[in-house]
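> Sequence plus predicted model, see below.
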Amino acid sequence: MTSPAPAGDEIVFQRSLRARNYRLTLRRDGVAVATIPLRGSEREARRFVEQHLDWLARARSRQSHKPRGADVWTIGTHVLWRGAPTEIRPAPDALRPSVRLGADTFRVPQLAGDLRPTLESHFLRLAKIELSGRAWELASQTGLGVRQIVVRNQRSRWGSCSASGTISLNWRLIQTPDSVRDYIIHHELVHLQEMNHSPRFWTRVEQSYPAWRDAERWLKQNGSLLGL
Ligand SMILES: [Zn+2]
């Protein structure tokens with residue numbers, strides 16, 4: 001790069017088999033990612049970045065002006081939990097420091113400070129149990145051949161389905177309403193038959209989960225609450 005890049009303004013070049021064009025994106029962690037298409041070169045990608053430095057500067061400035069207060073969770077913070085904004089409260093009568101979210105109680109190292117890392121690891125643990133249980137239940141109702149259900153941290157997707165029959169679910173679905181969770185599971189199950197978003201795919205979604213439009217609307221309106 002010929003342009004001066006201040007420390008922390010890193011640009012990562014990554015090749016993508018699926019990308020058709022050069023692309024520049026800014027990740028939430030502040031790292032800019034330049035995508036090189038299959039037949040492209042890093043040299044061309046660098047030129048592309050050069051041409052888009054203005055855009056990158058604007059994107060960085062927008063990102064730094066975003067309120068970041070919601071990133072820290074303390075007693076009194078409202079977080080999305082099982083579909084509803086829920087206040088983090090100290091658990092009464094607990095022997096060890098614990099907080100309550102609705103009907104759930106979670107142990108924390110201490111009540112002061114940022115509770116988010118601890119609570120999110122509790123969420124993930126619960127999600128692995130509850131989401132896979134629900135997914136196997138719905139899979140058995142549809143009779144489709146699922147081989148494996150994986151619950152994990154996905155930065156930008158709610159779920160995915162591989163040709164080999166593995167369904168991956170974003171653990172944050174434990175924070176959404178049950179109807180949204182069920183929709184995503186149905187959506188991925190339908191992908192076992194249709195690995196695309198063709199009209200035929202949506203017809204099958206409609207048959208298997210008629211309320212899918214409401215769930216899509218919820219995701220559009222609330223997805224950002226989850227940091228997606
Ligand atoms: Zn899909």
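Yep, it's here. Numbers count the residues shown, from 1 in each chain.

> just the helices in the protein please.
Using DSSP state H, the helices of the chain run over residues 42-51, 53-65, 116-142, 178-191, 199-208, 212-222.

> Pick out the shakiest of these, pLDDT-wise.
Comparing mean pLDDT across those, the weakest is helix 53-65, with a mean of 77.

> Give me the domain ranges for this protein.
Domain segmentation of the chain under automatic domain parsing yields 11-65, 74-228.

> what's the offset of the last one from the middle of its chain?
When you say that, I think you mean domain 74-228. Centroid displacement of domain 74-228 relative to its chain, using CA atoms, centre = their mean, to the nearest Å, is 9 Å.

> Return the most buried member of the helices of the chain.
helix 178-191 (a mean of 22; mean count of other CB atoms under 10 Å). Quick note: C-beta positions are derived from backbone N, CA and C, even for glycine.

> Residue 38 contacts residue 16, correct?
Yes - counting by CB atoms under 8 Å, residue 38 touches residue 16, with 7.3 Å between them.

> more neighbours, the two?
residue 16 (13 against 10; other CB atoms under 10 Å).

> per-residue confidence at that one?
pLDDT, residue 16: 85.

> tell me the contacts of the nearest residue to it once chain neighbours are set aside?
Residue nearest to residue 16 in three dimensions, not counting chain neighbours: residue 35, with 5.1 Å by CB to CB, 6 or more residues apart in numbering. Neighbouring residues of residue 35 by CB atoms under 8 Å, 6 or more residues apart in numbering: 14-16, 19, 22-25, 45.

> right, and out of the residues you listed, which lies closest to residue 58?
Within the contacts of residue 35, the smallest distance to residue 58 is 11.8 Å, found for residue 24 (CB to CB).

> burial of that closest one, as a residue count?
Using other CB under 10 Å, residue 24 has 18 other residues around it.

> That one contacts residue 49, correct?
Yes - using CB under 8 Å, residue 24 is in contact with residue 49, at 5.9 Å.

> Which neighbours do these two have in common?
Overlap of the contact sets of residue 24 and residue 49 (by CB under 8 Å, 6+ apart) consists of 32, 34, 56.

> Same list, those residues, but as TSV with distance to residue 151 please.
TSV is the format used below for these (distance: CB to CB, whole Å):
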residue	distance to residue 151
32	30
34	31
56	34
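
> Nearest to residue 178, out of those: which one, please.
residue 32 (37.8 Å).

> ok, that closest one touching residue 25?
Yes - using CB under 8 Å, residue 32 is in contact with residue 25, at 7.2 Å.

> out of those two, which sits in the more crowded spot?
residue 32 (20 against 11).

> Bridged to the more buried one, which residues?
For residue 32, the beta-bridge partners under DSSP bridges are residue 11, residue 26.

> again with residue 99
Counting by DSSP bridges, residue 99 forms beta bridges with residue 90, residue 106.

> My guess is it contacts residue 92. True?
No - using CB under 8 Å, residue 99 makes no contact with residue 92, being 10.6 Å away.

> Could you check which of those two is surrounded by more residues?
residue 99 (23 against 8).

> Tell me how far that one lies from residue 116.
11 Å (CB to CB, to the nearest Å).
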